[in-house]
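In: I'd like to go over a predicted model; first the sequence, then the structure.
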Amino acid sequence: MNTRIAAATLLAASSLAAPAAAEMELSFYLGTQGVDGSTASGTLPGGVPVSRSMDWDGKPFEAPFYYGGRAIWWLDNGVGFGVEGTHTKAYASSADLAALGLSRFELSDGHNIFTANVMKRWEGGFGKMAPQLTPYVGGGIGVAIPHVDAQLVGSPVRTYDYESTGTALRALAGVKYDFTESWAVFGEYQATWSDNDITIDALPGQLPGKISTEIVTHAFNVGISYSF
């Protein structure tokens with residue numbers, strides 16, 4: 001239900017914003033991303049209960065790399081509406097894998113976060129000293145769609161697929177530098193939170209595993225934007 005509500009919010013925000021838009025801005029970014037520790041609880045395939053404080057690693061500079069992009073429709077009052085997708089990552093540590101009896105447990109082809117955003121910018125916010133600099137903040141709500149890669153030690157069954165695991169939130173703040181009328185570069189801090197219910201596939205006749213965990217990421221991004 002939470003996933004449906006978040007998806008509906010994303011669609012509504014994007015559809016309502018477009019008719020009143022004064023400017024559209026497309027942005028792409030790379031950066032360095034980390035992951036907070038969290039508690040993972042539930043059951044492994046076959047019904048074995050687990051509860052573990054996880055030490056996640058983001059590995060932003062290992063393929064596939066961390067990246068993201070967004071489209072924002074800016075109104076004349078400096079408020080913007082749009083959508084954003086970020087390819088974050090989370091890998092369980094070797095100690096966590098050993099304790100859980102897993103040979104692999106990672107969200108490595110993306111712990112993908114998709115949100116509908118509301119943003120605010122202040123053009124000329126630094127005055128005459130730096131007229132080309134524009135500070136901005138934003139937030140969004142949406143869904144987490146990670147690529148789950150998990151496998152029990154000794155099991156021939158490997159979970160390797162995308163799952164819609166729950167609601168996601170995003171917060172960001174940054175500064176943009178306009179070097180032409182249409183092109184700009186920017187730097188920003190961004191955090192995401194997601195509530196994940198992850199399914200791990202089981203052998204035929206066994207119950208699948210169900211692991212619940214909250215994942216919080218922190219990132220410092222640099223990117224480029226095009227406005228029209």
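Out: Structure received.

In: isn't Val175 right up against Pro135?
Out: Yes - distance between Val175 and Pro135: 5.2 Å, which falls inside the contact criterion (CB atoms under 8 Å). C-beta coordinates here come from the backbone N, C-alpha and C atoms, glycine included.

In: all helices for this protein, in order.
Out: In the chain, the segments counted as helices under DSSP state H are 2-17, 94-100.

In: Lowest average pLDDT across those helices?
Out: The stretch with the lowest mean pLDDT among the helices of the chain is helix 2-17, at a mean of 46.

In: Which pLDDT does the model give Gly124?
Out: Among the per-residue scores, Gly124 shows a pLDDT of 84.

In: where does the residue lying closest to it once chain neighbours are set aside fall, phi/psi-wise?
Out: Spatially, and ignoring its direct neighbours in sequence, Gly124 is nearest to Pro131 (5.7 Å; CB to CB, 6 or more residues apart in numbering). Comment: the main-chain dihedrals of Pro131 come out as phi -70, psi -20, following degrees, to the nearest 10.

In: Now for Pro131, how many residues are close by?
Out: Counted by other CB atoms under 10 Å, the residues lying close to Pro131 total 12.

In: Just list whatever residues bridge to Asp161.
Out: For Asp161, the beta-bridge assignment (DSSP bridges) gives partners Val148.

In: any idea of the pLDDT on it?
Out: 96.

In: Please report the number of neighbouring residues for it.
Out: Using other CB under 10 Å, Asp161 has 12 neighbouring residues.

In: Do I have it right that it meets Ile145?
Out: No - with contact defined as CB under 8 Å, Asp161 does not count as touching Ile145 (10.7 Å).

In: what's the residue closest to the geometric middle of this protein?
Out: In the chain, the centroid-proximal residue (CA atoms, centre = their mean) is Ile113; its distance is 3.1 Å.

In: per-residue pLDDT, it?
Out: In this model, Ile113 carries a pLDDT of 98.

In: How about the one 4 residues further on?
Out: At Asn117, the pLDDT value in this model is 98.

In: contacting residues around the residue nearest to Ala144 when sequence neighbours are not counted?
Out: When the adjacent residues along the chain are set aside, Ala144 lies closest to Ser194, with 3.8 Å between them (CB to CB, 6+ apart). Ser194 makes contact with His111, Ile113, Ala144, Thr165, Gly166, Thr167, Ala168, Leu169, Glu214, Ile215, according to CB atoms under 8 Å, 6 or more residues apart in numbering.
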